[in-house]
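A.B. asks: build me a model from this:
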Amino acid sequence: MNVYETIAARKSVRSFLDKEVADEILLRILEAARLAPSARNFQEWRFVVVRDPAMRQRLAEAAKGQKQVAEAPVVVVCCAETNEHVMTCGQRCYPIDLAIAIDHITLCATAEGLGTCWIGAFHAEEVKKLLNIPPEVPVVSLLPLGYPRDPSIESKDRLTLEKIIRYERWT
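C.D. replies: Model prediction:
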């Protein structure tokens with residue numbers, strides 16, 4: 001699968017097979033996150049990999065009962081050990097840099113025949129308590145990862161390029 005095919009095939013997976021993800025595949029995917037670009041090369045992303053079924057169940061409860069969090073054989077808890085640096089444009093680095101690293105994970109997982117679902121609906125303080133994450137470390141996303149129950153490629157409902165692209169000026 002080339003990168004364009006991978007982008008077209010990536011989807012949010014909310015139902016996973018009961019099938020383990022091999023260590024070597026998981027490490028390849030996490031290596032892709034490690035290689036992501038970051039502002040000023042701060043590399044503030046940190047990941048807690050959770051495989052324990054009981055802990056995945058507790059994370060699902062902290063994620064408002066989302067069953068895919070417990071069902072996936074792996075949950076990558078995406079955090080930032082940050083210095084809170086703000087770029088000249090006014091944006092903090094870590095949310096953007098972590099989003100890039102997470103996207104590397106989602107695309108590489110797709111290329112490996114796996115699926116993911118970016119979860120933002122969770123209670124961060126509960127997740128921190130469950131995983132012993134320090135109070136100053138933001139938890140940005142939960143990312144269930146595993147083999148999709150339905151591996152078919154879905155069409156994407158997206159705006160047209162004409163709606164999202166401007167040339168030279170906004171108007």
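
A.B. asks: all the strands of this structure, residue numbers only.
C.D. replies: For the chain, applying DSSP state E gives strands covering 45-50, 74-80, 115-116, 139-146.

A.B. asks: can you pull out the helices in this protein?
C.D. replies: 3-9, 23-34, 53-62, 67-71, 93-111, 124-131, 161-164 (DSSP state H).

A.B. asks: let's have the strands of the chain in a markdown table, adding mean pLDDT.
C.D. replies: Output for these, formatted as a markdown table (pLDDT from 0 to 100):
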| stretch | mean pLDDT |
| --- | --- |
| strand 45-50 | 98 |
| strand 74-80 | 98 |
| strand 115-116 | 98 |
| strand 139-146 | 98 |
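
A.B. asks: deepest of these, which one?
C.D. replies: Sort these by mean neighbour count, taking mean count of other CB atoms under 10 Å, and strand 115-116 sits at the top with a mean of 28. (C-beta placed from N, C-alpha, C; glycine too.)

A.B. asks: give me the residues contacting that strand.
C.D. replies: By CB atoms under 8 Å, 6 or more residues apart in numbering, the residues outside strand 115-116 that reach it are 11-13, 16, 105-106, 109-110, 143-148, 151.

A.B. asks: and the residue nearest to residue 9 when sequence neighbours are not counted, how many neighbours?
C.D. replies: Excluding the flanking residues, the one nearest residue 9 by CB to CB, 6 or more residues apart in numbering is residue 153, at 4.9 Å. When neighbours are defined as other CB atoms under 10 Å, residue 153 has 11 of them.

A.B. asks: please verify my assumption that residue 153 contacts residue 6.
C.D. replies: No - Residue 153 is not in contact with residue 6 according to CB atoms under 8 Å; the separation is 10.7 Å.

A.B. asks: list the contacts for the closest residue to residue 145 other than its chain neighbours?
C.D. replies: Residue nearest to residue 145 in three dimensions, not counting chain neighbours: residue 74, with 4.4 Å by CB to CB, 6+ apart. The contact partners of residue 74, by CB under 8 Å, 6+ apart, come to 21, 26, 49-51, 144-146.

A.B. asks: much appreciated, bye for now.
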